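A.B. asks: Everything below, folded, please.
(one chain, ligands or ions: 1)
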Amino acid sequence: MNIWGLLRNLIPYVRPYRWLVAVTIVLTFVSSLMAQVNAVVLDRAVDAINALIQAPSFTWGQAARILIAISAILLGKEVVSAVVTFLQRYFGERMHILVSRDLSLAVVDRILSFRMAFFNTGDNETGRLQSRIDRGVMSLSNTVDNFFIEILPLFTSAILALALMFAANVYVGLVALCIVPLYFYVTYIQARYMKGGRRQVFENHQRVSQGILNILESISVIKSFNREAIEGERQRHLQQDMTDQQMSIRRQRYLFNGLKTFLEQIGTVLIIILTAYLVLIDYPGMSIGKIMYHVMLFSNVSAPIRQLHRIYDDMNDALIYAEGFFGILKADHEVEESGKYKPESIQGELEMRDVDFTYPNGTQALHKVSLQIRPGKITALVGLSGAGKSTIVNLLDKFYQPQSGSITLDGHELSEWDTQWMREHIGLVLQKNHIFSGSIEENIRYGNPQATHEDVVLAAKKAYIYDQIMQLPDGFQSQALQLSGGQQQRVAIARMFIKNPPIIFLDEPTASLDAIATEQIKASIDAIKQGRTVIIISHNIGQIIDADQLYVLEQGRVVQSGTPEEVYRQGGLYKEIFDASARSMNADKIAETLQSS
Ligand code: ADP
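C.D. replies: Sure thing, here's the model as predicted:
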């Protein structure tokens with residue numbers, strides 16, 4: 001993306017604040033005029049004082065009048081300048097804040113509309129996406145800020161000063177104009193020389209903070225393996241790299257800054273020599289005051305050039321981040337598709353026919369999968385890890401589209417369904433459910449924002465979590481994140497009760513929970529299953545044998561199907577899993593123990 005592309009993309013976000021832009025521009029012009037006042041006053045003052053000294057009729061009264069006039073003008077100008085600068089910065093900053101808010105809102109709306117596949121491609125992992133958004137918003141709103149608070153005022157003032165120099169004397173104006181490209185050239189060389197340096201420092205910063213984060217996250221592993229010294233050493237290396245780099249960048253920056261100051265001084269000396277020469281030869285319109293006048297104006301001309309390098313760096317950053325950021329805003333092809341079909345009621349009959357599916361990273365997860373999920377029945381998906389069970393659930397919830405084959409709900413292709421309407425009627429309970437930071441009540445109500453407190457209580461009771469919630473000091477207002485894994489799982493199930501969907505997908509809802517929690521969750525799940533279409537994925541044989549229908553998957557293919565008893569009798573993978581499960585539980589010994597008690 002080039003600078004014009006960047007501005008073109010930014011304009012729609014600045015357009016709503018036209019009046020702010022207009023006011024800022026007017027204020028900028030006024031403050032640029034103010035910046036030239038010192039030069040004009042000094043010019044007049046020097047000439048007036050000079051004339052007074054040489055006049056035979058010198059009186060202190062005349063001198064006092066001149067000094068009072070100078071003081072009044074200069075102080076008055078400072079007051080006006082202070083007000084104008086304040087307003088200019090205030091409005092500029094206001095625009096920065098508003099544009100930054102609008103950019104953030106736009107990107108959040110956009111991301112919420114994307115299909116799941118978007119979040120699964122390499123470039124869009126959570127961390128990367130977050131930093132693309134953060135840095136994009138920051139550097140784009142900085143661009144707005146830079147433009148209105150730095151670039152526009154500085155350059156307006158420089159152009160005005162140059163125009164005044166030309167107006168006073170064409171030769172002096174020409175000399176000033178010729179020196180400017182030299183500064184640009186030095187800045188260009190500096191930018192080329194230091195190219196990437198800033199970015200490397202930025203990346204090193206990220207690496208260092210990521211390193212600290214890693215230490216904090218794995219502190220127990222580090223300690224239990226006694227790896228403190230190794231971790232410390234790794235950090236030292238990172239820090240050393242960053243320090244060396246920062247030093248080298250600082251060195252280069254100060255060298256170039258020195259060079260630029262030197263060039264600026266040469267410019268000033270040239271202006272002094274030329275103006276002094278013109279005064280000496282008595283060139284029309286030139287006086288001693290004009291020497292000061294031109295020197296001061298020249299310092300206004302060179303002021304933005306001192307900032308040029310920083311502005312250049314910021315712009316370069318903005319160009320890089322803008323690409324990633326606007327890439328998100330313009331990714332129309334990533335927006336989730338939706339059909340129009342929106343029936344009054346949903347039966348819950350799902351069917352997959354010859355479905356092939358490959359994830360965006362190229363992993364083919366399903367091969368010619370066909371299965372039928374009967375309404376009001378419980379269907380279990382069984383198979384080893386990675387067999388494709390969760391992928392089936394992802395496809396049935398329309399998170400992804402299959403490459404080939406068809407998926408229907410109540411006889412209509414999923415693509416015909418209104419996506420939101422369909423999901424309104426599907427409940428999803430995962431192995432690890434997302435519990436938001438907030439109260440238990442808020443987390444349960446997420447299933448139905450219109451629900452009353454009584455509905456929330458009822459849902460908690462159905463999910464067998466009510467008594468435990470009531471034992472907490474703050475009851476339903478307690479932080480949900482402080483609950484144990486098993487309790488959080490039941491909060492998620494309560495959320496499902498309150499949503500009350502006719503179709504429910506349970507993806508390993510009791511994995512990694514202890515036996516008591518598993519039993520309690522089984523009770524809540526048994527309660528929620530009543531009269532609904534349920535698809536359950538589980539490694540827990542106890543949950544699978546309750547199913548009406550079973551599909552066994554192996555490497556993305558359905559290898560067996562039928563009732564649990566039928567499939568067991570067929571032998572094969574399901575029998576292997578079932579027997580291994582019974583052996584691992586030591587079922588014989590358990591039976592003996594139960595009998596003997
Ligand atoms: P299961 O639920 O049976 O354990 P999954 O459906 O999760 O299996 O995975 C099936 C295959 O798809 C596996 O090979 C897995 O590595 C792959 N897979 C799952 N999720 C993704 C994803 N988001 N991106 C890429 N590949 C995936």
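A.B. asks: who touches the residue in the stretch 201-350 of the chain that the ligand sits nearest to in this structure?
C.D. replies: In the stretch 201-350 of the chain, no residue comes nearer to the ligand than E334, which is 15.4 Å away by CB to the nearest ligand atom. All C-beta atoms are positioned from the backbone trio N, CA, C, and that covers glycine. Under the criterion of CB atoms under 8 Å, 6 or more residues apart in numbering, the neighbours of E334 are 114-115, 117-118.
A.B. asks: What's the PyMOL syntax to select whichever of the residues you listed are buried?
C.D. replies: Buried subset of the contacts of E334, written as a PyMOL selection, criterion 16 or more other CB atoms under 10 Å:
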select buried, resi 114+115+117+118
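A.B. asks: so which pair among the contacts of E334 is furthest apart in space?
C.D. replies: The span of those, defined through CB to CB, is set by F114 and A117 at 8.4 Å.
A.B. asks: buried ones in stretch 446-455?
C.D. replies: By neighbour count with 16+ other CB under 10 Å, stretch 446-455 contains the buried residues 446-448, 451, 455.
A.B. asks: What is the end-to-end distance of it?
C.D. replies: One end of stretch 446-455 sits 12 Å from the other (CA to CA, to the nearest Å).
A.B. asks: Quick check: mean pLDDT of that stretch?
C.D. replies: Along stretch 446-455, the predicted local confidence has a mean pLDDT of 93.
A.B. asks: swap in stretch 198-212?
C.D. replies: Rounded to a whole number, the mean pLDDT of stretch 198-212 is 77.
A.B. asks: Can you point out the buried residues in that stretch?
C.D. replies: Buried residues in stretch 198-212 (16+ other CB under 10 Å): 198, 200-201, 204, 211.
A.B. asks: What's the mean pLDDT across stretch 579-587?
C.D. replies: Regarding stretch 579-587, the rounded mean pLDDT is 84.
A.B. asks: what sits up against it?
C.D. replies: Stretch 579-587 has contacts (CB under 8 Å, 6+ apart) with 539, 541.
A.B. asks: Return it as PDB; C-alpha atoms alone will do.
C.D. replies: Output in PDB follows, covering the C-alpha atoms of stretch 579-587 (Å, rounded to 0.1, in the frame of the first residue of the first chain):
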ATOM      1  CA  ASP A 579     -13.100 -53.500  25.600                       C
ATOM      2  CA  ALA A 580     -10.100 -51.400  26.100                       C
ATOM      3  CA  SER A 581     -12.200 -48.900  28.000                       C
ATOM      4  CA  ALA A 582     -13.700 -51.700  30.300                       C
ATOM      5  CA  ARG A 583     -10.200 -53.100  30.900                       C
ATOM      6  CA  SER A 584      -8.700 -49.700  31.700                       C
ATOM      7  CA  MET A 585     -11.500 -49.100  34.200                       C
ATOM      8  CA  ASN A 586     -10.700 -52.600  35.600                       C
ATOM      9  CA  ALA A 587     -14.400 -53.400  35.100                       C
END
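A.B. asks: what distance separates that stretch from the centre of its chain?
C.D. replies: Here the centre of stretch 579-587 is set off from its chain's centre by 48 Å, with CA atoms, centre = their mean, to the nearest Å.
A.B. asks: same question, stretch 348-359
C.D. replies: When C-alpha coordinates are averaged (CA atoms, centre = their mean), stretch 348-359 and its chain have centres 34 Å apart.
A.B. asks: can you check stretch 283-296 too?
C.D. replies: In terms of CA atoms, centre = their mean, the gap separating the centre of stretch 283-296 from the centre of its chain is 54 Å.
A.B. asks: what does that stretch rub up against?
C.D. replies: Under the criterion CB under 8 Å, 6+ apart, external residues in contact with stretch 283-296 comprise 38-40, 42-47, 50, 165, 168-169, 172, 176, 268, 271-272, 275-276, 278-279.
A.B. asks: For that stretch, the averaged confidence score.
C.D. replies: Taken as a whole, stretch 283-296 carries a mean pLDDT of 90.
A.B. asks: ok, now stretch 534-543?
C.D. replies: Averaging pLDDT along stretch 534-543 yields 87.
A.B. asks: Let me know the next secondary structure element after the helix or strand where I159 lies.
C.D. replies: Assigned by DSSP states H and E, I159 falls within helix 152-168. Past helix 152-168, further along toward the C-terminus, the next helix or strand under DSSP H and E is helix 170-193.
A.B. asks: which secondary structure elements does that following helix contact?
C.D. replies: Helix 170-193 is packed against helix 152-168, helix 228-280, helix 288-329, with contacts defined by 3 or more CB pairs under 8 Å, 6 or more residues apart in numbering; DSSP states H and E.
A.B. asks: I577 is nearest to which of those helices?
C.D. replies: Comparing the helices and strands packed on helix 170-193 against I577 with CB to CB, the closest turns out to be helix 228-280 (40.9 Å).
A.B. asks: list the contacts for S104?
C.D. replies: By CB under 8 Å, 6+ apart, the neighbours of S104 are 133, 137.
A.B. asks: My reading is that it lies in a strand. Confirm?
C.D. replies: No: according to DSSP: H, G, I helix; E, B strand; the rest coil, the state of S104 is helix, so it is not within a strand.
A.B. asks: where does the protein dip in pLDDT?
C.D. replies: Counting by pLDDT under 70, the chain contains low-confidence ranges at 122, 202, 512-513.
A.B. asks: Mean neighbour count and distance to the ligand for the helices and strands packed on helix 170-193 - can I get that in CSV?
C.D. replies: As requested, these are arranged in CSV below (neighbours: other CB atoms under 10 Å; distance: least, CB to the nearest ligand atom, whole Å):
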stretch, mean neighbour count, distance to the ligand
helix 152-168, 19, 47
helix 228-280, 14, 30
helix 288-329, 20, 19
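A.B. asks: could you show me where the strands are in this protein, in order?
C.D. replies: 350-358, 364-373, 378-383, 404-409, 412-413, 426-429, 503-507, 533-537, 549-554, 557-562 (DSSP state E).
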